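[1] sequence isn't available, so here's the structure alone:
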């Protein structure tokens, strides 16, 4: 039960951090460009949010 609660908390933390960084980057508060200028690292925080969603889905189970 404690492991499940920890996974749920970790998943939601990933979702909140990933979404916050992505929104902050789109607004212009944090940088989203890598050194070359061609690629953007918007995929990294967005991927973190998706990973958090997946962790939450598997942790909640059949609740």
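    Looks like it came in fine. As the structure is a prediction and not an experimental result, all values here were calculated from the model. Residues are numbered from 1 along each chain as shown.
[2] state the distance from the residue lying closest to residue 22 once chain neighbours are set aside to residue 30.
    Setting aside the residues directly before and after it, residue 22 is nearest to residue 45 in space (C-beta to C-beta, 6 or more residues apart in numbering), at 4.7 Å. Yep, even glycine has a C-beta here, placed from its N, CA and C like the rest. Look at residue 45 and residue 30: by C-beta to C-beta, to the nearest Å, they are 9 Å apart.
[3] which residues are common contacts for the two?
    Common contacts of residue 45 and residue 30 (C-beta atoms under 8 Å, 6 or more residues apart in numbering): residue 21.
[4] more neighbours: those two, which one.
    residue 45 (21 against 13; other C-beta atoms under 10 Å).
[5] could you pull up the mean pLDDT of the helix or strand containing the more buried one?
    Using DSSP states H and E, residue 45 sits in helix 43-60. The average pLDDT within helix 43-60 is 87.
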